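*Asks:* sequence first, predicted model second:
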Amino acid sequence: MMHEKIKFTMEEEEGKSIPFLDTSIHVKEDRTITTTVYRKKTHTNQYLNFNSNHHIRQKLRIISTLERRMETIVQEEDSKEEEKELIHNAFLANNYPVWALDRKNSGRKKQDENQKPLARISIPYTKSLSERIGRTMRRYNLDVVHKPTRTIKNQLCNKAKDKLNPMDKPGAIYHIRCKVHNSQYNGETGGAPK
């Protein structure tokens with residue numbers, strides 16, 4: 001019954017498209033199917049700005065991710081050209097230089113990916129300094145991961161939280177001994193006091 005419903009919908013949508021995740025499935029007039037990238041009407045083409053304080057690899061990976069998505073989803077060559085132009089214009093609008101958009105993966109990079117690093121080191125990201133440290137570490141076959149130093153969460157959240165008394169935590173089991181009446185009581189806390 002489910003297949004009949006899908007078949008009926010596709011027959012009714014002949015010549016139109018059906019969105020599914022980030023894929024738009026097009027049913028042509030001759031009843032063949034082709035796919036393109038689907039974007040919601042509210043999509044703004046805003047990506048990580050090239051002038052932002054992020055490592056260059058993060059910025060370039062966004063481009064390669066969208067290009068890989070285009071290569072795997074878009075089937076027809078003219079649709080691929082449209083998608084390439086859309087990606088190109090979106091990144092130019094986000095201040096990416098032309099060299100970042102026109103670069104190709106080199107054979108050296110593929111060779112480097114096959115060689116497993118000896119260790120992975122995480123360092124705070126500081127513009128230009130972190131890139132130099134990363135290049136130096138790569139010579140010694142060490143992978144460097146850059147982490148942001150000042151995040152919005154760090155700026156807004158107070159790290160010094162008040163410590164909660166163990167008796168105020170839910171599910172704490174306690175034992176009380178009364179010397180006066182020579183009795184004992186075992187209990188478990190409920191929720192935290194309000």
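*Replies:* Good, I have the coordinates. Numbers count the residues shown, from 1 in each chain.

*Asks:* tell me which helix or strand the residue nearest the centre of the chain sits in.
*Replies:* Residue closest to the mean C-alpha point of the chain, counted by CA atoms, centre = their mean, is Ile62 at 9.6 Å. Take DSSP states H and E as the rule and Ile62 turns out to sit in helix 56-73.

*Asks:* now do the contacts for His54.
*Replies:* By CB atoms under 8 Å, 6 or more residues apart in numbering, the contact list for His54 reads Leu48, Tyr125, Pro148. To be clear about C-beta, it is placed using only N, CA and C from the backbone, and glycine gets the same treatment.

*Asks:* do you know how far the last one is from Thr126?
*Replies:* Plainly put, Pro148 is 10 Å away from Thr126 if you go by CB to CB, to the nearest Å.

*Asks:* who are the contact partners of the residue nearest to the centre of the chain?
*Replies:* By CB under 8 Å, 6+ apart, the contact list for Ile62 reads Tyr47, Leu48.

*Asks:* show the pLDDT at it.
*Replies:* On pLDDT, Ile62 comes in at 89.

*Asks:* then Gln155?
*Replies:* Note for Gln155: predicted pLDDT of 69.
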